[in-house]
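Asker: Make a model of this:
(chains A and B)
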Amino acid sequence: MKKFFLNLYNWIDERVKLEDLVNFMGKKYVPVHSRSIWYYFGGVTLFFFIIQVVTGILLLFYYKASADLAFESIQFIMSKVEFGWLVRSIHTWSANLFILAAFIHMFSVYFERSYRKPREITWITGMLMFFLGLGFGFSGYLLPWNELAFFATKVGSDILGAIPLIGEELKIFARGGEDVTGATLSRMFGFHVALFPAIFTVLLTIHLLLVQRQGMSQPMEMVEKEMSEEKKMPFFPNFLLRDLLFWLIVLNVLAILAVFFPSELGHKADPFAPAPEGIKPEWYFLFMFQALKYLPAHVLFIEGEILGILLFGAAGILWLLVPFWDKKTARGQKNKFITYLGIFSVMFIIVFTILGWLT
Amino acid sequence: MENNNNSHKGRRNFLKYVLNGGLAGFAISIFYPLVSYLKPPKQEDVEVSSISAGKLDEIEKDTGKIIQFGTKPVLLIRTQNDKLLAYDAICTHLDCTVQYKSDMGIIWCACHNGKYDLSGRNIAGPPPKPLQPYNVVVKGDEIIISKQS
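Answerer: From the prediction side, this is the model:
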């Protein structure tokens, strides 16, 4: 057996020069310091994405994307298909953990200022993947075609309609018509399983190539202390094995959550039934949703909700472009403002999420 | 020589325009159909001006019921003192479907706790506008809901 693999390796090596690649991996080092733990969250996010792809493909074998059949096909998956409940439960849990891991990864990169030159493109592609991740969440939420999802999608897409100038067009584009109907389901399905994964894969490839090419970012104060003092470990195999160990732990946590807290299905959506109580978006939209609630109906001459959407939009763009306006960090100086802004953002998200949860 | 160069430049510019123009035309011929395809076609709803909402004895006093009016939901209420009311059931806030809340005697939206009184006026919560009323008449024992002109 061993000989077979050795021969196979040699056969490929002869043709594509694997040796260069192995040498390159051997030369890549990961800095070791008190905050090294944060390096693992990008990898964990990737792991959840892989799980989403695998379980998503499995669900596709039985799922039927139409207003008449979607709910029943998921009922079928959960009650008739062997381990169908498990596959669906893993898909929903992993989706939530994916977003959570992406949040942690994003904020750790932000607080370490790892977005600074020369890693601007890595930050931008990462942020775009984060926004896409939210899009995955929103589009996937409707697919079971249950009551909660139906009204949450109505509300979510109606908020889209409040964006000035392009809002109405955008809403009709997202809904595939004036109202949330079977056409919306087809569209969300197309976004969720084809368009978004395609774009995501391109971004992810760029993101990972850049991480390999440029190596891990070091904390700013370590860079100043010169390289010789720092500790480091080889990416291959030392860091990769630690990465895999972390993935294994995460997989266990995921399995426990999916088995003991399986996802529910609820009632089938009925466009001619009143909205049920307790309509809430997924937890990662909750802070925005809750903040919008506190805005008065009118601020000066603008509608409160429109103002809120514009503010969140502006904040998102500023966040996306932080490597370009944070000039101080780019010059290698400490920028306290970045820390304060980050702490404010984290506090804002946590406080408003909890408020949304409680009310 | 000078002349020759100029005419070369002229020809080169001409080719540039033709090529760039062709490229632009090529792009348009791809993206115009693509964008048009993604725009959902306007479906002509059959214009419904009145519908039958069933028999009077099918709706009890102090209850409400959602009636399908064309493609839209309409909320039909039979009040405590036996009046029939009908309103557009789509909340003016964010598109949820409202319901009659008998214990408070109001029309209520569960999504964001919006409240309307029985004349359809938005009285509490986030709704910015009142609900559109419909006409209700009873012919024999049949309830007829129709659009207000």
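Asker: so what pLDDT did residue 8 get?
Answerer: I'll assume chain A. In the prediction, the pLDDT value recorded for A:Leu8 is 93.
Asker: not what I meant, chain B
Answerer: The per-residue pLDDT of B:His8 was computed as 82.
Asker: Just want the residue of chain B that's nearest chain A.
Answerer: B:Gln99 (3.4 Å; CB to the nearest CB). C-beta here means a position set from N, CA and C on the backbone, and glycine is covered the same way.
Asker: ok, how many other residues are close to that residue?
Answerer: Neighbouring residues of B:Gln99 were enumerated by other CB atoms under 10 Å in any protein chain shown; the total is 22.
Asker: hang on, isn't it packed against A:Pro274?
Answerer: Yes: under the contact definition of CB atoms under 8 Å, B:Gln99 touches A:Pro274, with a separation of 3.4 Å.
Asker: A:Tyr340 - how many residues pack around it?
Answerer: Other residues near A:Tyr340 number 10, with proximity taken as other CB under 10 Å.
Asker: Enumerate the beta-bridge partners assigned to the residue of chain B closest to chain A.
Answerer: Beta-bridge pairing of B:Gln99 under DSSP bridges involves B:Trp108.
Asker: Could you check how far whichever residue of chain A sits closest to chain B is from A:Thr55?
Answerer: Closest residue of chain A to chain B, CB to the nearest CB: A:Pro274 (3.4 Å). The spacing between A:Pro274 and A:Thr55, counted by CB to CB, to the nearest Å, is 34 Å.
Asker: who has more neighbours, the two?
Answerer: The residue with the greater number of neighbours, taking A:Pro274 and A:Thr55 and applying other CB under 10 Å, is A:Pro274; the counts read 25 against 21.
Asker: My read is that that one contacts B:Ala110, right?
Answerer: Yes: A:Pro274 is in contact with B:Ala110 according to CB under 8 Å; the separation is 6.7 Å.
Asker: Now for the two: what residues contact both?
Answerer: Common neighbours of A:Pro274 and B:Ala110, using CB atoms under 8 Å, 6 or more residues apart in numbering or on different chains, are B:Gln99.
Asker: Which neighbours do B:Gln99 and A:Pro274 have in common?
Answerer: Common contact partners of B:Gln99 and A:Pro274 (CB under 8 Å, 6+ apart): B:Ile66, B:Ala110.
Asker: Give me the contact list for stretch A:312-331.
Answerer: With contacts defined as CB under 8 Å, 6+ apart, stretch A:312-331 is touched by A:110, A:113, A:115-117, A:119-120, A:123-124, A:127-128, A:131, A:163, A:220, A:288, A:291, A:334-335, A:337-338, A:345.
Asker: ok, now stretch A:239-252?
Answerer: With CB under 8 Å, 6+ apart as the contact definition, stretch A:239-252 has outside contacts at A:Val30, A:Tyr39, A:Tyr40, A:Gly43, A:Val44, A:Phe47, A:Phe48, A:Leu97, A:Met233.
Asker: Over to stretch A:261-273?
Answerer: Outside stretch A:261-273, the residues within contact range by CB under 8 Å, 6+ apart are A:67, A:71, A:74-75, A:78, A:85-86, A:88-89, A:92-93, A:144-150, A:179-181, A:276, B:66-68, B:73, B:97.
Asker: ok, and what's touching stretch A:175-189?
Answerer: A:65-68, A:70, A:138-140, A:142-143, A:145, A:150, A:153-154, A:157, A:172, A:174, A:271, B:40, B:43, B:71, B:95.
Asker: try 7 Å
Answerer: Outside of stretch A:175-189, the residues that reach it under the criterion CB atoms under 7 Å, 6 or more residues apart in numbering or on different chains are A:65-67, A:70, A:139, A:142-143, A:145, A:150, A:153-154, A:157, A:172, A:174, B:40.
Asker: go on, stretch B:91-108?
Answerer: Stretch B:91-108 is contacted by residues A:151, A:154-155, A:158-159, A:273-275, A:279, B:62-64, B:66, B:73, B:75, B:77, B:87, B:89-90, B:109-112, B:114-118, B:122, B:126-129, B:131 when judged by CB under 7 Å, 6+ apart.
Asker: Check the offset of that stretch from the chain's centre.
Answerer: Averaging C-alpha coordinates over stretch B:91-108 and over its chain gives two centres that are 17 Å apart (CA atoms, centre = their mean, to the nearest Å).
Asker: likewise stretch A:111-126?
Answerer: For stretch A:111-126, the gap between its own C-alpha mean and the chain's C-alpha mean amounts to 17 Å (CA atoms, centre = their mean).
Asker: residue ranges of the strands in chain B, please?
Answerer: Assigned by DSSP state E, chain B shows strands spanning B:50-55, B:63-69, B:72-78, B:84-88, B:99-101, B:106-109, B:114-116, B:122-124, B:133-139, B:142-146.
Asker: Can you add mean pLDDT and distance to A:Met25 and give those strands back as JSON lines?
Answerer: Conversion of the strands of chain B to JSON lines gives the following (pLDDT from 0 to 100; distance: least, CB to CB, whole Å):
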{"stretch": "strand B:50-55", "mean pLDDT": "86", "distance to A:Met25": "70"}
{"stretch": "strand B:63-69", "mean pLDDT": "89", "distance to A:Met25": "63"}
{"stretch": "strand B:72-78", "mean pLDDT": "91", "distance to A:Met25": "61"}
{"stretch": "strand B:84-88", "mean pLDDT": "92", "distance to A:Met25": "64"}
{"stretch": "strand B:99-101", "mean pLDDT": "92", "distance to A:Met25": "62"}
{"stretch": "strand B:106-109", "mean pLDDT": "92", "distance to A:Met25": "58"}
{"stretch": "strand B:114-116", "mean pLDDT": "90", "distance to A:Met25": "59"}
{"stretch": "strand B:122-124", "mean pLDDT": "87", "distance to A:Met25": "64"}
{"stretch": "strand B:133-139", "mean pLDDT": "91", "distance to A:Met25": "71"}
{"stretch": "strand B:142-146", "mean pLDDT": "90", "distance to A:Met25": "72"}
